[in-house]
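Novice: Model the following, please.
(one chain, ligands or ions: 1)
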Amino acid sequence: MAVSLGHLHLPSTMSSQPQLRRVAGNGFWVASRISCSSSNGRVPEPAEEKRRAELSARIASGAFTVNRTGFLSQLRSGLSKLGFPAEVLDILFNWVDDGGDHLKIPEARGSLSALRNEAFFVPLHELYLTYGGIFRLTFGPKNFLIVSDPAIAKHILKENSKGYSKGVLAEILDFVMGKGLIPADGEVWRVRRRAIVPALHQKYVAAMINLFGQATDRLSQKLDAAASNGEDVEMESLFSRLTLDVIGKAVFNYDFDSLTYDTGIVEAVYTVLREAEDRSVSPIPFWEIPIWKDISPKQKKVNEALKLVNDALDNLISICKRMVDEEDLQFHEEYMNEQDPSILHFLLASGDDVSSKQLRDDLMTMLIAGHETSAAVLTWTFYLLSKEPAAMSKLQQEVDLVLGDRFPTIEDMKRLKYTTRVINESLRLYPQPPVLIRRSLENDTLGKYPIKRGEDIFISVWNLHRSPHLWDDAEKFKPERWPLDGPNPNETNQNFRYLPFGGGPRKCVGDVFATFETIVAVAMLVQRFNFEMALGAPEVKMTTGATIHTTEGLKMSVTRRIKPPIFPTLEPVLRVDPSGSSSHQGKALPPKGEVSSTHP
Ligand code: HEM
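Specialist: Residues are numbered from 1 along each chain as shown. Predicted coordinates for the structure are as follows:
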């Protein structure tokens, strides 16, 4: 029986797991009921539902379940054959299990064919509903522990974070990030984290609000042209360009201007990004095979692109070094160069004692970490909003009331409360990335199970965020689940059932940056346009790399908004402090349809 707790906090490992029972006589573990989840916060299509039902049936039939061997299992099987009732054996063997140190993690054997054509975290959700908050998934010689339990996630990410490394992730990303902050472990990570975190200080993030506004304004110009011509737009690729332009300026003061031009460097960045994503989901590391590496045209292209990007970064580092040398520098905690407020400038001005290679690795890491993640959040937010017109109109009411026709300012970030909740909820349904990867550096105990050093672990944020045991209406897009006047939801106040930016010492360094970036983009776009799924647009399906992508893009039709007059007595939750609004320094938007000349 899948346990529906229907409340928010889940204190113990045991209670988060559906009850498992062994089928008498065969020693298999099965769940008594498998609930089939809809995905995307929407009602699944019939074909998808049928495929899911088949997968659920295969899981329930034990097609993925590993036969337990060993003395206890054989004893149980023998007793069962002698006619002992299953219920009695359950009680007896669960009791024996609880006391012993032989306890085995439930185990499922994955078949690659079952996972084909599917974002891999979706079948993991089905397996979670059957096998519980921790299980071992075996693929041929490889196996992984899949963790979907808040208490175990907290243990790995926070309480015993020193006992875990980035493992397989560091191996996959080595070619592009080297020892950058995401893959780095141990002393390198500690030193780099200490150097980088101060660069994202309050004054810097506040300065970024203008940058977010200017970049979104450029996107608006594109949408405006599409609206005039009655053309549909593919929003996923536009969001990817928007966030690339933002992160280039924010991290190393480079204007990709990818919303306007398709330059060689933009193409090179995408080649490298796609390769990183392909490698993260490839079952066989082709790129490590010596001859393949040299003859594969794809690998050749990747190496050329990587060289182009690395050379560009090296060049930006030397330009910035020259700027810093010529500056009359007075470095302090909230230091920021007005002409170049980038993270790179801060790091060099701080006298950060670091090799150029390490600095490049860190810049590349932030470029990748801060680009696709924010783009994916925007893509799925607009997808969800297109399915919930009521949420969209509530959002537009708030934006009209708080911003009117202005650009957003830093003060608006706390006033755009419903906008923030929409993003919180989008991040719950579509966490980016959907799994966190770790490797145990020493023997440990996860929940009630002992594990050995060297275990590869996937913490499924997708499962945590969509667990029917942890959330009411887990699959539903409900920004209202987060009270407007409550705290911003995070891993701490949600006791690790909600991990949009990870948790513990390796939590995202760009969480506030990214939250503001997405608030500004969402607010400015819905302020100016209405969005709907385009007529005849392909069904929006998921595929995965490091983040969740659509398979065929997010095709939308965009129309300019004709705004109703603003009545200040809308719903009380949307009312803003009138004294605050008069002090806004925000810039007025150009009249609808006109193009602003503001460029970074
Ligand atoms: C909505 C956008 C973003 C999301 C959803 C997101 C999510 C995450 C998550 C879940 C982690 C933890 C990974 C783990 O524990 O394995 C992480 C780490 C990280 N993120 Fe973000 N991120 C976003 C934006 C950004 C931005 C804009 C930057 C840079 C300015 C950034 C830089 C980093 C870095 C450097 C780490 C590694 C931290 C460490 O290991 O010490 N992220 N991010």
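Novice: Against Lys394, how distant is the residue sitting furthest away from the middle of the chain?
Specialist: The C-alpha centroid of the chain is most remote from Leu82, which lies 51.4 Å away (CA atoms, centre = their mean). For Leu82, the distance to Lys394 (CB to CB, to the nearest Å) stands at 64 Å. In short, each C-beta sits where N, CA and C put it, glycine included.
Novice: Pro500 now?
Specialist: As judged by CB to CB, Pro500 and Lys394 stand 21 Å apart.
Novice: neighbour count winner among those two?
Specialist: Ranked by neighbour count (other CB atoms under 10 Å), Pro500 and Lys394 place Pro500 first, with 25 against 21.
Novice: List the beta-bridge partners for the nearest residue to Leu127 once chain neighbours are set aside.
Specialist: In this structure, Leu127 finds its nearest non-sequential neighbour in Ala108, 5.4 Å apart by CB to CB, 6 or more residues apart in numbering. Beta-bridge pairing of Ala108 under DSSP bridges involves Thr65, Leu137.
Novice: Quick check, pLDDT for Ala108.
Specialist: Ala108 carries a pLDDT value of 89.
Novice: remind me which residues of the protein are low pLDDT?
Specialist: In the prediction, the chain carries residues with pLDDT under 70 at positions 1-74, 76-77, 80, 86-87, 89-91, 93-102, 110-117, 283, 564-600.
Novice: Mind checking what helix or strand follows the longest helix along it in sequence?
Specialist: For the chain, the longest helix by residue count, based on DSSP state H, is helix 356-387. Toward the C-terminal end, the helix or strand that comes next after helix 356-387 (DSSP states H and E) is helix 389-403.
Novice: Just list what that following helix packs against, helices and strands only.
Specialist: With contacts defined as 3 or more CB pairs under 8 Å, 6 or more residues apart in numbering; DSSP states H and E, helix 389-403 has these neighbours: helix 356-387, helix 412-415, helix 417-429, helix 511-528.
Novice: relative to helix 511-528, how tilted is the first one?
Specialist: Between the direction of helix 356-387 and that of helix 511-528, the angle (axes from the mean of the first three to the mean of the last three CA atoms, to 10 degrees) works out to 40 degrees.
Novice: Go through helix 356-387 and flag the buried ones.
Specialist: Applying a neighbour-count criterion of 16 or more other CB atoms under 10 Å, one finds 358-386 buried in helix 356-387.
Novice: what's the answer for stretch 451-462, then?
Specialist: Going by 16+ other CB under 10 Å, stretch 451-462 has these buried residues: 451, 455, 457-462.
Novice: can you check stretch 307-318 too?
Specialist: For stretch 307-318, the neighbour count (16+ other CB under 10 Å) marks 308-310, 312-313, 316-317 as buried.
Novice: cool, and stretch 469-482?
Specialist: Residues of stretch 469-482 classed as buried by neighbour count (16+ other CB under 10 Å): 469-471, 474-475, 477-479, 481-482.
Novice: got the CA positions of that stretch in PDB?
Specialist: The C-alpha trace of stretch 469-482 is given here as PDB (Å, rounded to 0.1, in the frame of the first residue of the first chain):
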ATOM      1  CA  HIS A 469       3.900  10.900   0.500                       C
ATOM      2  CA  LEU A 470       5.300  14.400   1.000                       C
ATOM      3  CA  TRP A 471       2.900  16.700  -0.900                       C
ATOM      4  CA  ASP A 472      -0.800  17.200  -1.300                       C
ATOM      5  CA  ASP A 473      -1.600  17.100  -5.000                       C
ATOM      6  CA  ALA A 474       2.000  16.500  -5.700                       C
ATOM      7  CA  GLU A 475       1.700  16.500  -9.400                       C
ATOM      8  CA  LYS A 476      -0.400  19.700  -9.600                       C
ATOM      9  CA  PHE A 477       0.900  23.200 -10.400                       C
ATOM     10  CA  LYS A 478      -0.300  25.200  -7.400                       C
ATOM     11  CA  PRO A 479       1.700  28.300  -6.600                       C
ATOM     12  CA  GLU A 480      -0.800  28.900  -3.800                       C
ATOM     13  CA  ARG A 481       0.600  26.000  -1.800                       C
ATOM     14  CA  TRP A 482       3.300  28.500  -0.800                       C
END
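Novice: returning to what we had before: could you list which of the buried residues of stretch 469-482 belong to helices?
Specialist: Reading helices off these, I find no matches (DSSP H).
Novice: about what we covered before: of the buried residues of stretch 307-318, which is the nearest to Val122?
Specialist: Val309 (32.2 Å; CB to CB).
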